[in-house]
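*Asks:* Okay, sequence plus prediction incoming.
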Amino acid sequence: MAITITSPVTGAAQTGFVTPTYTLVADTPPASNAKQWAVTAVGGTQTGVDVHSVSKPFTIAVFRPAQLKPLPQANVPTGIIKNVPSNTYKVITRKGASVAANQAPVIDRISTIIDVFAGTDSFEPTDVQAMIALHIGALSQVSAGIGDTALSGVL
């Protein structure tokens with residue numbers, strides 16, 4: 001995989017956080033088609049944020065398809081390709097958090113799923129890149145708003 005997250009990671013804007021940073025170490029991924037990192041230290045102002053532990057994990061993992069699917073051949077008489085397969089990539093961030101005092105932690109999760117149809121990666125690769133650039137750029141731009149909405153329920 002061409003993905004390597006370098007440490008430290010500067011976090012995106014969040015209400016009440018000042019220059020959040022996250023120190024990562026390589027971790028054992030949950031599958032052979034993944035890479036994973038665990039947060040071992042936090043920096044900036046983000047009071048009360050825990051680092052990775054067994055009971056309260058704080059990880060980010062990147063998955064590629066276990067079996068990459070190529071574009072099938074077109075139907076000879078029609079030239080049409082039916083049932084174009086999709087290759088699914090995922091980025092999953094997990095963070096253990098307590099729901100109340102004296103309660104076992106739960107694991108909150110963010111999943112980004114990227115579906116790339118076979119053939120678009122080679123026929124129009126810049127369109128795939130543009131899709132990803134917009135998605136990540138927009139999430140970064142509205143990071144604090146998403147955080148506020150996740151807490152308040154107000155969109």
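*Replies:* On my side now, so go ahead.

*Asks:* switch to C-alpha atoms for all contacts and neighbour counts from now on
*Replies:* Will do.

*Asks:* the strands in this structure, which residues?
*Replies:* Using DSSP state E, the strands of the chain run over 9-10, 18-27, 34-45, 58-63, 86-97, 106-117.

*Asks:* What strands line up against the second one, and which way round?
*Replies:* Read it as strand 18-27. In the sheet, strand 18-27 lines up against strand 9-10 (antiparallel), strand 34-45 (antiparallel) (DSSP bridges).

*Asks:* What angle do strand 58-63 and that strand make with each other?
*Replies:* Put simply, strand 18-27 runs at 60 degrees to strand 58-63, going by axes from the mean of the first three to the mean of the last three CA atoms, to 10 degrees.

*Asks:* returning to what we had before: nearest to V106 among the strands paired with strand 18-27 would be which one?
*Replies:* strand 34-45 (16.9 Å; CA to CA).

*Asks:* Only the buried residues of the closest one, if you could.
*Replies:* Going by neighbour count (16 or more other CA atoms under 10 Å), the buried part of strand 34-45 is 34-39, 42-43.

*Asks:* and what of stretch 25-34?
*Replies:* Under 16+ other CA under 10 Å, the buried positions of stretch 25-34 are 25-26, 29, 34.
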